[in-house]
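> Predicted coordinates and the sequence they were generated for:
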Amino acid sequence: MSVRLALRGLDRFAGRIDSALRSGGPAHPIRRALKQWGFIYRSYVRERYVTYSRGGGDWQDLAPSTKRRRRKGRKGGGGTYSILYDTGTLIAGLDPSFSPDKGAIETDIPFGIRLGYGGAARHKRGKGTIAMIAAAHDEGVPPHLPKRQIIVEPDDRAMRKIVEVTERALAQAWRRDAS
């Protein structure tokens, strides 16, 4: 017994998806899905950043000298201290709605999208770009700056959302190409 399947239609569809992933315009469902991936990922790392800055992760606590510096000028001298949350500059670069003036990048690349910190936006208090400062914190600079990863792999929940978005985009592309 032998079975023959005509897969030319599926092969054409795969070619169209491949083309959209390489360079498809923003109107293609796959490229729109990649933009949604960016929103999902930035939402995930922003939520993680907030949790970790409040001590809910593996980020090293602030040094006593940093706490003393932040305490200056406060009535009573006490308070809580959020890690990497002094000016709000680094977390602003993780805003789910992409904004290059906040030090974020979002670039279409073949078969995907590049996200993270980048560009020329400068930190308002420092001499470097926001991306340089984020990289220093993300990688750590011994002995005084501990590693506090900001850009990490998405968790299972974020990946499930990315998969759902991708499945919807493939279904839309299939319907669009079939008509």
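Nice, I can see it.
> how far does stretch 53-72 sit from the chain's center?
Centroid separation for stretch 53-72 versus its chain: 24 Å, with CA atoms, centre = their mean, to the nearest Å.
> buried sites along that stretch?
Ser53, Trp59, Leu62 (16 or more other CB atoms under 10 Å). For every residue, glycine as well, the C-beta is placed using N, CA and C.
> now, which of those lie within helices?
Residues of the buried residues of stretch 53-72 located in helices (DSSP state H): Ser53.
> So which of the buried residues of stretch 53-72 is the closest to Ala136?
Each of the buried residues of stretch 53-72 was scored against Ala136 by CB to CB, and Trp59 proved nearest at 14.1 Å.
> From Ser82, how far out is that closest one?
The gap separating Trp59 from Ser82 is 10 Å, by CB to CB, to the nearest Å.
> shared neighbours, the two?
Common neighbours of Trp59 and Ser82, counting by CB atoms under 8 Å, 6 or more residues apart in numbering, are Ser53.
> before we move on, back to that, quick one: which of the buried residues of stretch 53-72 is nearest to Gly93?
Of the buried residues of stretch 53-72, the one sitting nearest to Gly93 (CB to CB) turns out to be Ser53, at 13.8 Å.
> ok, that closest one touching Tyr81?
No: using CB atoms under 8 Å, Ser53 makes no contact with Tyr81, being 9.3 Å away.
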